[in-house]
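# just to be clear, the model below is a prediction. Sequence and coordinates:
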Amino acid sequence: MRQGRLTVCAQLPYKPFEYMEGGKVVGFDVAILELAAKRLGVAVQVIDTPFETIKTGAELNAGRCDVGAGGMTINAERKKYIDFSEPYFEATQTLLAGPSVKATTLDQVKAAGLRLGSLASTTGEEYLTGRGFDPKSYDLADALLNGLRIGDVDAIIMDSPVVADWLKDPKNSGFRVLADLRTGETYGFAFRKGRSGALIDVVNSAVRQARADGTYTRIHERWIGPYRKAR
């Protein structure tokens, strides 16, 4: 940390986790990390960064930021390059499509020969490729959604909270959720490999306290919606 800041690398926008509103970056991840920053007596500063360079540890290991965020699933491959906090969010994936799509399962999507889209370098994309799909890859969440809007793809996979936020917009009212996929994922904040033990402890402690005293539930309700712990 430097000059009283907890610097956070995140790819913007990724609503509801981090995005610009009223001239500043806000969202679920930001609110959670602000709890840790308060313990440290510093402010959170978000740096817009490609997700690919966060998950590989390039930005963290170069010292550009203290923490990586952005709905990042904890997995063994990423642990080779970065250290994670304890899980702070239980995640699912959603298949979203236009109103003309009748499929309700991935098998039906495959049988119908539908074109799928995904966000580059994400576990949603890996989920599809691991099941024999070859989705069109988009670099930004907004570009992925626009690909569905213009008919570039027939359906897309995306983290469920992001889809839920999209569907609040009347412009997206014609889209339909095909399926919610319980992938067993949990999100963690990312840190420089082998060099951030004390900071990880502060973040973990802040999340644990927030869960215990109800702050986590209030933050979840503010940015995502009613909190129901994943089974």
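Alright, I've got the coordinates.
# please identify the buried residues of stretch 65-76?
65-74 (16 or more other C-beta atoms under 10 Å). Just so you know, the C-beta spots here come from the backbone N, C-alpha and C atoms, and that holds for glycine as well.
# let's have those in JSON lines, adding pLDDT and secondary structure.
JSON lines is the format used below for the buried residues of stretch 65-76 (pLDDT from 0 to 100; DSSP: H, G, I helix; E, B strand; the rest coil):
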{"residue": "Cys65", "pLDDT": "96", "secondary structure": "coil"}
{"residue": "Asp66", "pLDDT": "97", "secondary structure": "coil"}
{"residue": "Val67", "pLDDT": "98", "secondary structure": "strand"}
{"residue": "Gly68", "pLDDT": "98", "secondary structure": "strand"}
{"residue": "Ala69", "pLDDT": "98", "secondary structure": "coil"}
{"residue": "Gly70", "pLDDT": "94", "secondary structure": "coil"}
{"residue": "Gly71", "pLDDT": "91", "secondary structure": "coil"}
{"residue": "Met72", "pLDDT": "93", "secondary structure": "coil"}
{"residue": "Thr73", "pLDDT": "93", "secondary structure": "strand"}
{"residue": "Ile74", "pLDDT": "96", "secondary structure": "coil"}
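# pull the most distant pair out of those.
Asp66 and Thr73 (20.2 Å; C-beta to C-beta).
# shaky segments in the protein?
229-231 (pLDDT under 70).
# have a look at it and report its longest helix.
helix 197-213 (DSSP state H).
# contacts for the next helix or strand after it next, please.
Counting by DSSP states H and E, the next helix or strand C-terminal to helix 197-213 is helix 215-223. By C-beta atoms under 8 Å, 6 or more residues apart in numbering, the residues outside helix 215-223 that reach it are 16-17, 27-28, 31-32, 35, 207, 209-210, 226-227.
# same deal with stretch 31-38?
With contacts defined as C-beta under 8 Å, 6+ apart, stretch 31-38 is touched by 6, 8, 43-44, 67, 69, 88, 189, 202-203, 205-207, 209-210, 215-216, 219, 222-223.
# one more time with 7 Å, if that's ok
When contacts are defined by C-beta atoms under 7 Å, 6 or more residues apart in numbering, stretch 31-38 is touched by residues 6, 8, 43-44, 67, 69, 88, 202-203, 206-207, 210, 215, 219, 223.
# cool, stretch 80-93 as well?
32, 56-57, 60, 68, 73-74, 124, 127, 157, 159-160, 180-183, 185-191, 193-194, 196, 200, 203-204, 207, 229-230.
# extract the CA atoms of it and return them as CSV.
Extracted C-alpha coordinates of stretch 80-93, given in CSV (Å, rounded to 0.1, in the frame of the first residue of the first chain):
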residue,chain,number,x,y,z
LYS,A,80,-0.2,-21.2,-9.2
TYR,A,81,0.2,-17.4,-9.9
ILE,A,82,-1.7,-15.6,-7.1
ASP,A,83,-2.8,-16.1,-3.5
PHE,A,84,-6.5,-15.9,-2.7
SER,A,85,-8.4,-14.7,0.3
GLU,A,86,-10.9,-17.0,1.9
PRO,A,87,-14.1,-17.3,-0.3
TYR,A,88,-16.3,-14.2,0.1
PHE,A,89,-19.1,-15.1,-2.4
GLU,A,90,-20.8,-18.3,-3.5
ALA,A,91,-21.3,-18.2,-7.3
THR,A,92,-23.4,-19.7,-10.1
GLN,A,93,-23.5,-19.3,-13.8
